[in-house]
Each structure stands twice: as C-alpha cells, then as structure tokens.
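>>> here's a sequence, model it:
(chains A and B)
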Amino acid sequence: MKDEEDKSPPSPVSRLTPTGSPDPVGDVLSQFAEESGRGVSSRSDFERLKGRFLGREKGLVPGLFARLKDLPPAERAAFGSRANTAKHEIEDGVSRLAEEISKREAESRDRGDAVDITLPGRRARVGGLHPVTAVRRRIEQIFLRMGYSVADGPEIENDRYNFEALNFPPDHPARDSQDTFFIDRKAPSPLLLRTHTSPVQIREMEKRGAPLKLIVPGRVYRNESVDATHAAVFNQVEGLVVDRGISMADLKGTVEEFFADLFGRDTRARFIPTFFPFVEPGVDVAASCIFCKGAGCGKCKGSGWIELAGAGMVHPKVLAGCGIDPEEFTGFAFGLGLDRVALLLYEFPDLRLLLEGDVRFLRQFARES
Amino acid sequence: MKFSLSWIGDFVDTAAAGGAEGAQRLLEQAGFPLESLERSGGDAILDVEITPNRPDAMSHRGLAREIAAMAGVPFLIPSPLIPSPPAPGGEGQGEGGVSVPSVQELTSVEIEVPRLCRRFGARVVRGISGAPAIESVRSRLSSIGSKPISAAVDATNYVLWETGQPLHAFDLDKLAGGRVVVRRAQKGEKLVLLDGAEYELVPSDVVVADAERAVSLAGIMGGLDTAVTAKTENVLLEAAWWDPAAIRKTARRLSLHTDASHRFERGADPEAIPEALDRAAKILLESAGGTMAPGRIDARGAAWKARKAFLRLARLRLLAGEDKLDLDFAAEALSRLGFAVSKRGKRLQVGVPTFRPDISIEDDLAEEVLRVYGYHGLPSRLPSTRGGGGYLEPLRQIEEAMADAGVALGLYETMASPFVDRATEERPFLQWIAVAGGAPQPLSVANPLDQTRRDLRSTLIPGLLDSVARNVHRGERTVGLFEVGRVFDRPGDPADPPSFESRRFAFALTGDWRGHWSAGGPSSRSDFFDAKGVLERLVSPWMEPEILRWKPFAADGFVPGAAALAETPAGEILGVVGLLSRSEREKRKLAEAVFAGEIRVEAIPRRGTPARFEPYSAFPPIEADLSFAHSRERTWQVLEEFVRAQNLAGLDSIRLVDRYEGPGVEEGRAKTTIRLTFRAHDRTLEQEEVNREVQRLAAQLTAHLGVVFG
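Now for the predicted structure:
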C-alpha cells in the first residue's frame, strides 16, 4: 500500500498538503513516533515539535482533517475516525513530552539549589554566662522553688551593719577572720566594703520584720592576698529563715535538701560546732565529697568531706537588735562561697581565672547559661 | 595548734576514748576539727583548729576536758605531775630548818590599772642552777614544735601548753628595787623585748615595770634586760590576767602576735593563776634545783564576777527541734563540761566556770548540750514558713533579663576587679562618669591590696576593655564581653551606705562581629551600629528602640563623632556607646576597632510597656524604595523626621535599606535608600495613589533638604 516516494521526508509544503500518499494518517503517526522518540532537549524544542503536529494553523494533525473535504464521501467516516485516533495518540505523546520537559527543568533547577550539606551551619553567635552567675542561678532556682525570696544589699556597708549588728564586738578577735577593706575609718560608723553578705540579713529584718524566708547572693570583699584558692573579691550566698518555731532541725533539713539538689541526691551533710558571733549555736557544714562520695580522695584530703558553709541559729541579740522578739521568733542562717562551689562543680584549677575574662575559660561554661 | 595525744592522756583515758581516731572524732563533734594527725613514736600529734571564742581549749587539759565530755569518760584532775600545795606550816622553813625569806619579803606587786589587770600572781624560786628542764618536759615541748630554751622558760611554756595560762619568768636580781608595778606605758617610753627589737610605747599599752622602767609588755612579750639567762640564780614567775581588748590593741599596733597574746586577747581564766604558778615553780625546782620562797603573791585588780545563766527545757527543745532532749541529759552534759548545775523545775540553774568567757546566755548553754548530744542525732525537716517571698527584686530581674539577652547576642559575661586607678584608667571616661551623675572624686580604699589601684570603679568600661585586650593578645580575633555589676560613683552619704552605689551593665566588642565563613569581606567588621544595636536590643523589653533619643557625645576615651549618649523618653541618661579612641587602643596595644557601651540599669523603667493586642490591617502592603544623595549634615534622624512630617497617606513604616559614603559619592555627601511601606486598614491601596504620595515626598525632599535622586 505504501508509496515508495512518500518515504522521503516530506517537504514543508507536502507536510501542509500531503498528496499522493496512500496513508497520510499513518505517515503523520510514524513521523511523530520518530521525532518524539528522539526526545526533546529543551522547552523550545518541545514547543517546536508541539507546533508542527498540533499547531492550529499549520500543524500536521489539523492538516489531516483539512483533507476530509477532498475525500469521497464513502471514505470520510473511516478516515475521520483514524485521524481522530491519531490526534489523541499525538496529544498524549505531547503531554508526556511536556511532563518530561517540566520534570527535567525542575531537576535542573534543583541541581542548582543543591549544597554541600557537610559545610558548617551558619550559627548565630552565642555567648555565655560567667560560671559564678551560672552557679548563683542554680542556687537561686533551688531556693525560689522552696518559696524563698532573693534579696539584695549594698556592697559598701558600714561597721554597724557589717559587724556591730551581727554581734561582732569592737576590737574582738572574731573580726580578724574577716580582713576588711576600709573606705572611711573616721565616719561615725566606719565605711567599708562588706566582708560577707550577712549585713543584708540585718537590712531585711529591719525592713520586713518576721517571718522571713530569703536568700542573698552577692559580691563580698576580703583584704587577703590572692592565690589559686583565695580571692579578695568573691561571691557568697546567704540564707535566712525567721519564724515561730524554727530550729536546728529546720536548718539541717534545708541544707540537706539544698546539697542534694545541687550536688546530687546521694550527697550527705555534716554539721560540726563552730563559732560565728551572729549565730548561736553555730555550725560548720560539710558536704560528703562530691568526687569520691565520701570514701576519701585527694580533693577532700582523704576526709570524705568538703567544708562548704557556715550556719547556725540566729543569735538572740541579732534578732532583738532588729526589733524581732527572740522569745517569739527563732531563725536559722547559712552562708557559703559561690566561687568555691563553682570551683567544685566545674573543677577549674585557680580562682583567679574568674576575674580574667578569658573567653577560652568562659566559653567552657556557655552550656550552663 | 599542735597538741600531743599522750600529753592529753594525762587528763583523760585516751584509750577509753578510742585512741587517736576516737580523739579526732570526739574533737570534731565538740567543734575542734583536726588540720592533721601525725603519728610519731608512741604518740600522735594533733593539729587542731580552735575558734577564737574558746581560749579554754588552747591547752592539753582543755582539749582533754572536751574529749572526756563528748565520750562520757572521766576528766582526770589532778594530773600526776601537779605538786601538792606547800603545807601551811612548812612555809618559811628552809631545808635545814633555817628560816628563809618569804616571797613577800623578796618582792612586791602593785597594780595601778585594776581594770586592765584583775589579778597578778607571782612566785619566787631562788638559787637555781643552769641545768636544763627535765627530759619529760623538754621532749613534750619538742613534740609540739616548741623549742626547749632553759629550765625557767620551759617551765612557763610547759604550763602554758598544759593549762592555757601564759606565764613569764623574770631574773629577779635585774628588777630594779626587786619589785613590780603594773601600769600604763608612758608616752614615748621605750622597751627592748625578747625578740631583740626596741618598741616605742604609748599610754594605751600596759607594761610590767620595776622601780625604774618597763620590763615587760604585759600579756605579750617579756623584756630582754630582765630575761632569765644561763647566769640567773633567782627567778620571779609571773602569772596574770590581762584585759583582752587592751592586749589586742597593743598587739595589733605593734604587729606582735605571741602564744601569750593569742590567749589573753581571747580571755584567760583568772582562777587558773595560782595553780599555774605552783605547777611552773615545781617544774623549775625539779629541773634546776633551788628553793621556792614560801608563799605566793596574789595581787588583785578589779573583781571578776561569777556568771550564772539558766536553761529552760522548752528553749533547748525549740532550738534543737528535738523533743527527746530532757533536763537530765542537759544537766549531765553541762556537768561534764565543768559547769555547776542545779535543777529548778523545768530549768537548769547553771554556774559558768571562769575558763568559759564565751558563755553568757541561755542559747550558749543550749549549744553546749547539743555539742555533747551531737548534731548528727537531730532530726531533719523543712521550715513551713509561708509568704516569705518567692520574688526577685525588680532591678535584679532587669539585670537577669539583660544578661540573658547579652548571651543571646553572643557576648560572654565577665567579672572584673572593682579596684582601679581613677587618674589613669578612668580618666578617659570622666565625661561619661560626670554625665551619668557620678561624684567628681572616687571613693578610695584606705588599706588597699595594690597601692596602684585604690579607687573604687565608677564605670565598668575600663575593666572590660582590659579583658578584651587580654583576649586579643592571646589570639582571639573576635571578642564580645559584658559585665553586670555595681559601680561606686554616687556622691553618697556615709550614714547611708547604699547611697554610694549604682548598677551598671556594660559591654565591649571587637573583630568580625558578623563574620562568617561565607560572609567575608570588610562588611563583617563590627561597627558603631553593631554596638548601638546591642544597647537597643538589651533594653528593648522595657523601651522600644524607636523611643530612645541619641545625642552626640564627646569623651577622651571615644573617637569624636563616633560616640553617643542614649536618653530615655523621660530625658534621663540611659547609656553610652562609642568607638574606642586611638590612644586608648594604643595603650592596650589593640590594632582593630573596639566598641564599648554602658547602661545605667536604674534608668530603665522597672515595668516595661505591658503587652496588649493592637488590631492590624488585613490588606496587602505596597512598598516603594527611594534612593537619593544628600549632604552628610542631613542625618538619618533629620531625614526620618522629615519623611514622617509629610503625613503621607497610608504610610505604615519607614525603613533604612542602605547608607553609602565613599567612591562614587561626593565628599561630604551620602547616599541613602529608604523603603516606605504603605498599607490601609480598610481597603487595598491602589498603586497610583501610592505613587502620588511618593512623588509628593520626593518633591518635598528636593525642595527642602536639597536631596538629589538617581
């Protein structure tokens, strides 16, 4: 049935008005099969192909239908039906090509967006809190949860608040343990840098009376030569509870709970008598060594205990001096050094690092922020 | 303080107390923890920490009493070495029945300062040889690190360590007039002491004098001229009670700290004097022979009182938090410790021994009972106190939030020493200190650790800059630090110590602050606006950046034109930000730009603006960018205010997109791009109406501010 001459590629004119072929529909189909089989390399290639077959004006498929009117009426129905089938086939083919080209385009776009996912992320710069601040906040959180408030007081004090009201008599050897920086010795009550946070006990009791339940973190000053384990400028936290019926048992329970929360549930507390003028009885409090759990190691000098805090029942003279009746109210107080706790928890070798501002040091505690 | 366990064993059965470990445990329970425990030969040397309120425990006998009380074993008195007191009839008779002069015939003691010397006891031993102290005395002294010297001196030292009573031995023949006067020193009176140094005395010093001159600094150290030597034949032994405050004052003034002053400052026992004298005399006689002059001088100053206190069972139980405690136990505990106890109903009447100057009130007695009971035996509970707080001071809350923001901005917190030198370190920031309300003169420490840094800081900036420099010198290229702390800048009132302080938050940064692996180039270097942005961000929870007012600021420490003050809407100085001046950088050997800022925490309103819903437009915005060149004189503030003043219809916001000065733009001029966002609350705006407004603005900018578009 096929005419040999028609196998040559049709001229543009013959595409528009194919003549002489015994099977123009078959020709168009096979031509589409061949061209679409080669695939399209770009969107413009595709548009060209689509136009050549389906273009409304000059497309080969519409060209087939144009021939209908030239056919004898008896052939028109069969030809028309074949042409329609061919049209659908070609339209499907074009859609497939369209999908293919879209997909390829999307892939090519995505290739442009691909990255070396192992390059470092662009992290926002993050700093960190000072280790003493980190420890202070941990301790504040422990006591805030127990319903304590956090009080604050001045770093410059006078003799009355720093010593006298705390039952340190003038010229008493107890003052030797607190080497003092004086600012004005000639003031009616000599002006000094506070040697402990305890003056805030007095200020709070004077201001608020009883009952009271508070802690006082803050910076304190001692005129001491500085070395790896001694600082002239350091930080303490002080606790004070005054109420009816407060006892050594309350102090014991509170300190035990505090140590357990800060150092771990298996930490024990030991209380031995000592002397501070503003408490009676007074105790030294040690925690079971957090490194060896009390077995004895280098850090606790083999004793199994690390001395951490001073504490006791608020001296009745101190209460009375603040206008609180010591017959009605009793109270306990405790105090400890924050820098020392930081030293224990983070195990750095020298307290002087705390005032250096070296970021190689500070960076190590950023995760505590 | 070092003590020998075997010596303690003269007064308590240490084996019954559990040996060295037992003694350690019991002393700890009593409040005398050991620094160390060293075994040597058959003995153990205990290095004991003794608090200043317990002079009675600064002796072997005193520690033995504590161990015995804690263990519940007998306290042994007298010790085997205590001499039997001279029989009344025996005195005045020498060995051969020859009458020998009594101590009263050989010397006399006169107390001119009865309050400062309540008792002065003396004994005389005559005709001693140059023999050293007996072996047992010397070896015990050696064991606790006290060097044997001579029979007389060793006798006094032995008794000091045994009973806690300090003594002194004079060469009687060198005392002018052979007599003793206790008096105040004369102004300018000089005395060479046993340490070989000459001291100039003042009338607050108490001396032991002879008929002519001071021969001993009372309670502290004897004089060299009248000291016992190898040639001494006749010895006067002194044991006295001295006023603690007077001894302390002199000892501190002369920086003389001795075993004697240590005890007298803390309070000696006036009733220990006769026995101590007898004991020392006995040891001297046993060691160096000679004869004891019969009798004892017992000169008295002001009387000392026997103290009494009571202890209620209810108070004991209240303080302990333990209802199992009873009066029988309390009475037993106090008796073991040497108190005289009698039970009166629900309380104990207690006579306080003179060796316990620390006991004066009921709670002191409660502590004594609890020491014997042991704190480990008390129950534990948590106080039920309510309404105590759960709050943080408002200013502290602000500081905490700012610290968190500082961390989020990439800054590390530091803490610097507050001791500075105003004249050098703070001088470049004096203008800031002044404008922030600081006093013209700094507060200074009278007794500084470092003479070159005696002033208290009035700004945190220099300390931060030093930390930045340290980091840069150690190889850190990009550094950002902050500090939250007190400065002592206020012109305060000494009667009100808090009035001197204020709170600051300061920060400093340098290097490629925005730097990143893909964002190289000069634009990543920190600039003034990074620092300004830090300040704005830090205070933003309480004050929107838009409401802060910025003013140019000149201070020596900052580059002129690159420093500014921020004011609150109320017109209060909030803070400063600036580029560190060249000289400040050179001083710290810093090559790159460093920015610093400081915020007055008190200037921040305690309560920020409370959050409240404001309705926003549901309609889309239209944006328009405008780029124009203008004189540098037209600051952003001028431009922004001008744009706002035009009341452009539908204008929602104005944003700076770009500011450029440099190649392509004339000297003295800058190019600015702003982005205007228009948006209506009730409808979608038309592009044409926005264009009209933008054109109106452009015309006004050209006409009034001389800007050039394009």
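>>> nearest spatial neighbour of the residue in the stretch 601-710 of chain B that chain A sits nearest to, skipping sequence neighbours?
Per CB to the nearest CB, the residue of the stretch 601-710 of chain B with the smallest distance to chain A is B:Val601, at 12.0 Å. Bear in mind the C-beta positions are built from the backbone N, C-alpha and C, glycine included. Of all residues beyond its chain neighbours, the one nearest B:Val601 is B:Arg503 (3.9 Å), with distances taken as CB to CB, 6 or more residues apart in numbering or on different chains.
>>> am I right that the one you found is in a strand?
Yes - the assignment for B:Arg503 by DSSP: H, G, I helix; E, B strand; the rest coil puts it in a strand.
>>> count of residues packed around it?
By other CB atoms under 10 Å in any protein chain shown, the residues close to B:Arg503 number 19.
>>> tell me the pLDDT of it.
What the model reports as pLDDT for B:Arg503 is 97.
>>> just checking, it touches B:Leu395?
Yes - distance between B:Arg503 and B:Leu395: 6.2 Å, which falls inside the contact criterion (CB atoms under 8 Å).
>>> what do the two both touch?
Overlap between the contact sets of B:Arg503 and B:Leu395, as judged by CB atoms under 8 Å, 6 or more residues apart in numbering or on different chains, is given by B:Val601, B:Glu602.
>>> now B:Val657. Its backbone dihedrals?
phi -100, psi -40 (degrees, to the nearest 10).
>>> residues in contact with it?
Shown in contact with B:Val657 (CB under 8 Å, 6+ apart): B:Asp625, B:Thr673, B:Ile674, B:Arg675.
>>> what about A:Ala187, distance to A:Ser247?
The gap separating A:Ala187 from A:Ser247 is 39 Å, by CB to CB, to the nearest Å.
>>> now do B:Pro203
49 Å.
>>> comparing these two, which residue is more hemmed in?
A side-by-side neighbour count of B:Pro203 and A:Ser247, using other CB under 10 Å, places A:Ser247 first with 22 against 12.
>>> isn't that one right up against B:Gly321?
Yes - applying CB under 8 Å as the test, A:Ser247 and B:Gly321 come out as touching, 2.8 Å apart.
>>> where along chain A do the helices fall?
Taking DSSP state H as the test, the helices found in chain A are A:12-16, A:24-38, A:43-54, A:60-66, A:73-113, A:131-145, A:159-162, A:199-208, A:248-263, A:316-321, A:338-346, A:359-362.
>>> name the residues of the stretch 1-150 of chain A found near chain B, please.
With CB under 8 Å from any CB of the partner chain as the criterion, the stretch 1-150 of chain A comes near chain B at residues A:119-120, A:122, A:124-130, A:132-133, A:137, A:140, A:144, A:146-150.
>>> can I get the buried ones among these as something I can paste into PyMOL?
The following PyMOL command selects only the buried members of these, with burial defined by 16 or more other CB atoms under 10 Å in any protein chain shown:
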select buried, chain A and resi 127+128+129+130+132+133+137+140+144+146+147+148+149+150
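>>> from chain A, how far out is B:Thr510?
As for B:Thr510, its distance to chain A is 12 Å (criterion: CB to the nearest CB, to the nearest Å).
>>> where does the stretch 351-500 of chain B have low pLDDT?
Along the stretch 351-500 of chain B, segments meeting pLDDT under 70 span B:387-390.
>>> can you show me the strands along it?
For the stretch 351-500 of chain B, strands defined by DSSP state E, counting those that start in this stretch occupy the ranges B:412-413, B:419-420, B:455-456, B:479-487.
>>> likewise the stretch 151-300 of chain B?
Using DSSP E, counting those that start in this stretch, the strands of the stretch 151-300 of chain B run over residues B:167-171, B:180-184, B:190-192, B:198-200, B:206-209, B:214-217, B:221-222, B:235-242, B:291-292, B:297-300.
>>> so for the second one, mean pLDDT?
What strand B:180-184 shows for mean pLDDT is 97.
>>> hmm, back to that, what's across from the residue nearest to B:Val601 in the sheet?
With beta bridges defined as DSSP bridges, B:Arg503 has these partners: B:Arg486.
>>> so where's the stretch 1-150 of chain A uncertain?
Residues of the stretch 1-150 of chain A meeting the criterion pLDDT under 70: A:1-20.
>>> mind redoing it with 80?
For the stretch 1-150 of chain A, applying pLDDT under 80 flags the ranges A:1-22.
>>> once you drop chain neighbours, what's closest to A:Ser54?
Quick fix: residue A:54 is Leu, not Ser. With CB to CB, 6+ apart as the measure, A:Val61 is the residue that lies nearest to A:Leu54, at 5.6 Å, once sequence neighbours are left out.
>>> can I get the helices of chain A in JSON lines including distance to B:Tyr158?
Putting the helices of chain A into JSON lines (distance: least, CB to CB, whole Å) gives the following:
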{"stretch": "helix A:12-16", "distance to B:Tyr158": "134"}
{"stretch": "helix A:24-38", "distance to B:Tyr158": "120"}
{"stretch": "helix A:43-54", "distance to B:Tyr158": "113"}
{"stretch": "helix A:60-66", "distance to B:Tyr158": "131"}
{"stretch": "helix A:73-113", "distance to B:Tyr158": "93"}
{"stretch": "helix A:131-145", "distance to B:Tyr158": "49"}
{"stretch": "helix A:159-162", "distance to B:Tyr158": "41"}
{"stretch": "helix A:199-208", "distance to B:Tyr158": "44"}
{"stretch": "helix A:248-263", "distance to B:Tyr158": "40"}
{"stretch": "helix A:316-321", "distance to B:Tyr158": "39"}
{"stretch": "helix A:338-346", "distance to B:Tyr158": "40"}
{"stretch": "helix A:359-362", "distance to B:Tyr158": "53"}
